[in-house]
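A.B. asks: Requesting a structural model of the entry that follows:
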Amino acid sequence: MNLTERAAYLKGLADGVELDANTKEGKLISALIELVSDMADEIAEMDERIDTAFAYCEELDEDLGDVEEILLDEDCDCDCDDCDGDCDECDCCCEDEDFFEVECPACGEEICFDSTVDPEELRCPACGAKFECLVSEEDLDAIDAE
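C.D. replies: Okay, here's the model as predicted:
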């Protein structure tokens, strides 16, 4: 039995005993029963609003999870078991293929790039700093030949 039903039950009991609402005690009991009924109705409305807010929060949480998955998904092309898709955790990308590895002068992040990237126009993916890296023509030719 919920609170609203229990409040109605109390009102029915008071009606069943033919409570005299003209006496002091009768007025007090009638006022208390009316208060309990109003409180039960208000609590029922609050429960509905809480259920609605909870369902909305669950939807937001799912949507946020989708956004995080899109924004934070750092796919890499390596098949390394060590990095779990995050090449910052391992050096596998620079070991298996012909990449250049440099350190960002601004933040110290290790950056890997190949011959498709202009070494004079590097931009750090971690801090966004733009810097120049000198690579010899021999190194670029060696990579292009493979």
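A.B. asks: Enumerate every residue touching the residue nearest to the spatial centre of the chain.
C.D. replies: Centroid-nearest residue in the chain, with CA atoms, centre = their mean: residue 64, separated by 4.3 Å. Counting by CB atoms under 8 Å, 6 or more residues apart in numbering, residue 64 touches no other residue. Just so you know, the C-beta spots here come from the backbone N, C-alpha and C atoms, and that holds for glycine as well.
A.B. asks: separation between it and residue 16?
C.D. replies: Separation of residue 64 from residue 16 (CB to CB, to the nearest Å): 54 Å.
A.B. asks: Which secondary structure element is home to residue 111?
C.D. replies: strand 110-113 (DSSP states H and E).
A.B. asks: Need the three-state assignment for residue 71.
C.D. replies: helix (DSSP: H, G, I helix; E, B strand; the rest coil).
A.B. asks: Could you check the pLDDT of it?
C.D. replies: The model reports residue 71 with a pLDDT of 82.
A.B. asks: Against residue 38, how distant is it?
C.D. replies: From residue 71 to residue 38 the distance is 48 Å (CB to CB).
A.B. asks: Equivalent analysis for residue 32, please.
C.D. replies: Remark: distance between residue 32 and residue 38 (CB to CB) = 11 Å.
A.B. asks: returning to what we had before: pLDDT wise, what is the residue nearest to the centre of the chain at?
C.D. replies: Model confidence at residue 64, expressed as pLDDT, equals 92.
A.B. asks: Help me confirm that it is found in a helix?
C.D. replies: Yes. The assignment for residue 64 by three-state DSSP puts it in a helix.
A.B. asks: Domains in this structure, by residue range?
C.D. replies: Residue ranges for the domains of the chain, per automatic domain parsing: 3-72, 87-145.
A.B. asks: Noted, bye for now.
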